[in-house]
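Student: here is a sequence together with a model predicted from it:
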Amino acid sequence: MAGHPKRSQDRPHVVSLAETVIMGEIQDSIQFVRSGISMQWRRLGGSGLVVSDLCMGTMTFGGQCDERLSHAICDRASDAGIDFFDAAELYPVPPTADRFGVTEEIFGRWLSTKQRETVIVATKVTGPGHGWFKPPVRHGKTTLDRHQIIAACEDSLRRLQTDYIDLYQTHWPDHGMPYEEVLGALTELKDAGKIRVAGCSNETSWGLMKSLWAADQSKLQRYHTVQNNFSLINRRCESELAQVCRREQVSLLPYSPLGGGVLTGKYQKENPVGARFSAYLDNGNDRQKAMANRFVNSRTLETARRVSEIADSIGTTATALSIAWSRQHDFVASTIFGATTLQQLEESLAARDLILDQETLERIDELDREIPNPMTEDGLRRL
């Protein structure tokens, strides 16, 4: 198998993927170089699906990105070796009733121009609307019962212009709903050939274990993935959730590896015009303002400043460093990132061939000890 090109000698704290893996052996990892493209592929949980270890998030499509730019982002991501794309029926973000499903429609039109088997498609059914958030979907009457899961999947298939979804996820859980009903509906969809693998998102360690227990007891489809917030300003997944993933063959799919853009440094001086958290702080509802304050506060901004210093010292960017750090965890299958411009996409793609050495990781850990839990909490306690 071909090796990766060596990094230049003026970057002493960065090594190529072919040389080493620092944070534990990565299971079911395959490395390729083809036509100058380096990429790594990893298995999703205990399933048969193998995906690129970078995943293109699409929540900006139809919002901050028009269709032409959205398709250009997909083309560039695909050219760079990414074969894994993540969407949701609720997107784009922030969700509104008039834009519900637009992201899937835009992505579906791009997908229709490709050989279907070459793209791994993930999307999500909206979680319950009777808790922390009333989504502008199905008049706010969303729930995770069999009726809505089946109906939502059918609608996503239509918008995506495909016969099947590779990874179908619950967007957030309903801990008052029997997991047997949720997993039973997902099992029906799998048996019908409409989904290949099931996953969850924004789930607690307890909820993930409860679902796995229910699946094993009732012989239902297991969750093979969990998609949660995980970054250098929110490292909670490294504790209890990581143990569940390792012991139960579940892969973490981190979202917001750049801390919603905070780790890029764009919020350091002022709230940039057009940025998501700027809009939330200026004109958002109480829930959106609370979310923005979790991401953008004095502790997260100081963490971002010091991450940038570490990145500068090893000749890379905070963006590339943050994504590379996420990829190096043994329980992570693919790290999801988004973009609103092609330039942003290129900055993230720089992490493809980047692995941080032990000295750099120790500097990052020291920062975490000095500023633990910069986000204070990640919202899961409300579930």
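Tutor: It's in. Residues are numbered from 1 along each chain as shown.

Student: so where do the strands sit in the stretch 1-150 of the chain?
Tutor: 14-15, 29-34, 37-43, 50-52, 54-57, 84-86, 120-125 (DSSP state E, counting those that start in this stretch).

Student: least trustworthy helix or strand in the protein by mean pLDDT?
Tutor: In the chain, no helix or strand scores lower on mean pLDDT, DSSP states H and E than strand 14-15, which sits at a mean of 39.

Student: quick check, pLDDT for Val33.
Tutor: Here the pLDDT value assigned to Val33 is 45.

Student: just use 18 as the starting number from now, easier for me
Tutor: Let's use 18 as the start, then, which means that last one is Val50.

Student: which SS state does Pro190 fall under?
Tutor: coil (DSSP: H, G, I helix; E, B strand; the rest coil).

Student: show me where this structure has its helices.
Tutor: For the chain, the helices defined by DSSP state H cover 84-96, 119-128, 163-177, 196-208, 222-235, 257-265, 293-300, 303-312, 315-330, 335-344, 359-366, 375-387.

Student: quick one: which of those is nearest Pro274?
Tutor: Closest approach to Pro274 among the helices of the chain is made by helix 335-344 (4.4 Å; CB to CB). Every C-beta, even on glycine, is put in place using the N, C-alpha and C of the backbone.

Student: contacts for the closest one, please.
Tutor: 57, 70-71, 247-249, 271, 274-276, 280-282, 321, 324-325, 327-328, 331, 333, 349, 352, 354, 364-365, 367-368, 371-373, 377-378, 381 (CB atoms under 8 Å, 6 or more residues apart in numbering).

Student: isn't Lys158 right up against Gly146?
Tutor: Yes - using CB atoms under 8 Å, Lys158 is in contact with Gly146, at 6.1 Å.

Student: which of the two has more neighbours?
Tutor: Remark: of Lys158 and Gly146, Gly146 carries more neighbours, 18 against 12, as counted by other CB atoms under 10 Å.

Student: so what pLDDT did that one get?
Tutor: Gly146 is given a pLDDT of 92.

Student: over to the residue nearest to it when sequence neighbours are not counted: give its phi and psi.
Tutor: Taking CB to CB, 6 or more residues apart in numbering, and ignoring the residues beside it in sequence, Gly146 has Thr159 as its nearest neighbour in space, at 4.2 Å. Main-chain dihedrals, Thr159, degrees, to the nearest 10: phi -70, psi 150.

Student: quick one: neighbours of Thr159, just the number.
Tutor: Neighbours of Thr159 under the rule other CB under 10 Å: 24.

Student: quick one: it and Ile327, what's the gap?
Tutor: Thr159 sits at a distance of 42 Å from Ile327 (criterion: CB to CB, to the nearest Å).

Student: out of the contacts of helix 335-344, which end up buried?
Tutor: 57, 70-71, 247-249, 271, 274-276, 280-282, 321, 324-325, 327-328, 331, 333, 349, 352, 354, 364-365, 368, 371-373, 377-378, 381 (16 or more other CB atoms under 10 Å).

Student: pull the number of nearby residues for Lys207.
Tutor: Lys207: 17 neighbours (other CB under 10 Å).

Student: that older thread, how about the helices of the chain in JSON lines, adding mean pLDDT?
Tutor: Compiled in JSON lines, the helices of the chain are given as follows (pLDDT from 0 to 100):
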{"stretch": "helix 84-96", "mean pLDDT": "98"}
{"stretch": "helix 119-128", "mean pLDDT": "98"}
{"stretch": "helix 163-177", "mean pLDDT": "98"}
{"stretch": "helix 196-208", "mean pLDDT": "98"}
{"stretch": "helix 222-235", "mean pLDDT": "98"}
{"stretch": "helix 257-265", "mean pLDDT": "97"}
{"stretch": "helix 293-300", "mean pLDDT": "75"}
{"stretch": "helix 303-312", "mean pLDDT": "82"}
{"stretch": "helix 315-330", "mean pLDDT": "96"}
{"stretch": "helix 335-344", "mean pLDDT": "98"}
{"stretch": "helix 359-366", "mean pLDDT": "97"}
{"stretch": "helix 375-387", "mean pLDDT": "97"}
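
Student: of all the ones you listed, which lies closest to Gly396?
Tutor: Taking the helices of the chain one by one with CB to CB, helix 303-312 is closest: 7.1 Å.

Student: what packs against the closest one?
Tutor: For helix 303-312, the packing partners by 3 or more CB pairs under 8 Å, 6 or more residues apart in numbering; DSSP states H and E come out as helix 293-300.

Student: give me the buried positions along the helix it packs on.
Tutor: So helix 293-300, judged by 16+ other CB under 10 Å, has buried residues Arg293, Phe294, Ser295, Tyr297, Leu298.

Student: that one packs against which elements?
Tutor: Going by 3+ CB pairs under 8 Å, 6+ apart, helix 293-300 lies up against helix 303-312.

Student: just the C-alpha atoms of the helix it packs on, please, in PDB.
Tutor: Provided in PDB are the C-alpha atoms of helix 303-312 (Å, rounded to 0.1, in the frame of the first residue of the first chain):
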ATOM      1  CA  ASP A 303     -33.600  32.500  24.500                       C
ATOM      2  CA  ARG A 304     -32.500  29.000  23.500                       C
ATOM      3  CA  GLN A 305     -30.200  30.300  20.700                       C
ATOM      4  CA  LYS A 306     -28.700  33.000  23.000                       C
ATOM      5  CA  ALA A 307     -27.900  30.400  25.600                       C
ATOM      6  CA  MET A 308     -26.300  28.200  23.000                       C
ATOM      7  CA  ALA A 309     -24.200  31.100  21.700                       C
ATOM      8  CA  ASN A 310     -23.000  31.900  25.200                       C
ATOM      9  CA  ARG A 311     -21.900  28.300  25.800                       C
ATOM     10  CA  PHE A 312     -19.800  28.500  22.700                       C
END
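
Student: contacts for that helix, please.
Tutor: 111, 149-150, 250, 276-277, 279, 294, 297-298, 301, 392-396.

Student: and those residues, which are buried?
Tutor: Buried, going by 16+ other CB under 10 Å: 111, 150, 250, 276-277, 279, 294, 297-298, 301, 392, 395-396, out of the contacts of helix 303-312.
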